[in-house]
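**Student:** I would like the atomic coordinates for the input below:
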Amino acid sequence: MRRRLAAWALAALLVGSGGAAIGQSLQDKIAQCAACHGADGRSSDPRIPHIGGQPKLAVMYQLFFYREGRRKSEEMNLIAKELTDAELTAIAEHVAKLPAPTPVADAKDDARYERAAELAAQRMCASCHNADFSGREQMPRLAGQHEAYLVKALQDYRAGARVGTQAAMAEAVRGLTDGDFADLAYFLARVQP
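**Tutor:** Below you'll find the model as predicted:
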C-alpha cells in the first residue's frame with residue numbers, strides 16, 4: 001500500500017497545476033508503472049495486477065480506458081490522463097515484452113481446481129482468453145494473475161463498474177457468486193500456460 005501511495009504522490013508531483021506533465025520522459029512514465037506493478041511487471045501486492053506478458057492491445061485498451069475516465073482508479077486515472085496515443089502504444093509494447101507471471105506453485109486443492117476448471121469451461125473463458133489463459137489481442141492474460149485482483153475484477157464486471165470493449169464479460173459473470181469468483185481466481189492463479 002505504501003508503494004502505491006508513493007507512486008500516486010510521484011504522479012501528483014509530476015503533473016503540474018495546469019495538468020501537463022513536467023518534463024516527463026517515456027522512461028519516467030514507465031518507471032511510474034514499475035512503482036506499483038514491479039520493474040519486471042510482477043506486482044508484489046495481491047490487489048495490484050501483474051502486467052508482465054499482457055498482450056499489447058489489452059494494455060493499450062486499459063490505459064485508454066483509464067485516460068478517458070471510463071475505468072476508475074484514482075492513481076491510474078491521474079497517471080494515464082496525460083498519456084498521448086504514442087505513449088500508450090510505447091508503454092503497451094514495453095509491458096508486453098516483460099516476463100509473464102509464474103503460476104502459484106503451492107500444494108493445490110485438486111477438487112477445487114477441477115471444479116473451477118469446469119466452471120471456466122462452462123463459461124467459455126478460453127474462447128476469448130486462449131485455452132492456456134495467456135490472453136490475446138484485447139483480452140488480458142489471466143494465467144498466473146493474483147487471486148485477489150481477479151476476484152475484484154470479476155466482482156466489478158458483475159456490478160457494471162468495469163468496462164470492456166464489449167459486453168462479453170458482463171454476460172460471462174452473470175449469475176456467478178462470490179464463491180464462484182474465488183474458485184475461478186484460485187484456478188487461474190495456478191493454471192499452467
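
**Student:** On the three-state scheme, the spatially most central residue of the chain is what?
**Tutor:** Central residue of the chain (CA atoms, centre = their mean): Pro49, 4.7 Å from the mean position. Following DSSP: H, G, I helix; E, B strand; the rest coil, Pro49 is assigned to coil.

**Student:** Excluding chain neighbours, what is closest to it?
**Tutor:** Tyr149 (4.7 Å; CB to CB, 6 or more residues apart in numbering). Every residue, glycine included, has its C-beta placed from N, CA and C.

**Student:** That neighbour contacts Cys36, doesn't it?
**Tutor:** No - using CB atoms under 8 Å, Tyr149 makes no contact with Cys36, being 11.8 Å away.

**Student:** shared neighbours of those two, anything?
**Tutor:** Common neighbours of Tyr149 and Cys36, using CB atoms under 8 Å, 6 or more residues apart in numbering, are Ile48.

**Student:** Compare those two and say which is more crowded by neighbours.
**Tutor:** Cys36 (22 against 18; other CB atoms under 10 Å).

**Student:** can you tell me how far that one sits from Ala117?
**Tutor:** 30 Å (CB to CB, to the nearest Å).

**Student:** mind giving me the domain ranges of this structure?
**Tutor:** Domain assignment for the chain, taken from automatic domain parsing, gives 2-97, 110-190.

**Student:** right, so of those domains, which gets closest to Pro103?
**Tutor:** Nearest to Pro103, of all these, is domain 110-190, at 4.7 Å by CB to CB.

**Student:** What separates the first and last residues of the closest one, distance-wise?
**Tutor:** For domain 110-190, the first and last residues are 11 Å from each other (CA to CA, to the nearest Å).

**Student:** just stretch 27-46 next, same as before
**Tutor:** Taking CA to CA, the first and last residues of stretch 27-46 lie 25 Å apart.

**Student:** buried sites along that stretch?
**Tutor:** Within stretch 27-46, the residues scored as buried using 16 or more other CB atoms under 10 Å are 29, 32-38, 41-43, 45.

**Student:** What is the end-to-end distance of stretch 172-186?
**Tutor:** OK, stretch 172-186 end separation, CA to CA: 17 Å.

**Student:** Next: stretch 166-177.
**Tutor:** For stretch 166-177, the end-to-end distance is 22 Å (CA to CA).

**Student:** Pull the distance from it to the chain's centre.
**Tutor:** With CA atoms, centre = their mean, to the nearest Å as the basis, stretch 166-177 stands 17 Å off its chain's centre.

**Student:** Mind checking the pLDDT average for it?
**Tutor:** Stretch 166-177 carries an average pLDDT of 91.

**Student:** Could you list the residues in contact with that stretch?
**Tutor:** By CB under 8 Å, 6+ apart, stretch 166-177 touches 123-125, 128, 154, 157-158, 160, 162, 164, 181, 184.

**Student:** please redo it, this time with the cut-off set to 6 Å
**Tutor:** The contact list for stretch 166-177 (CB atoms under 6 Å, 6 or more residues apart in numbering) reads 123, 154, 157-158.
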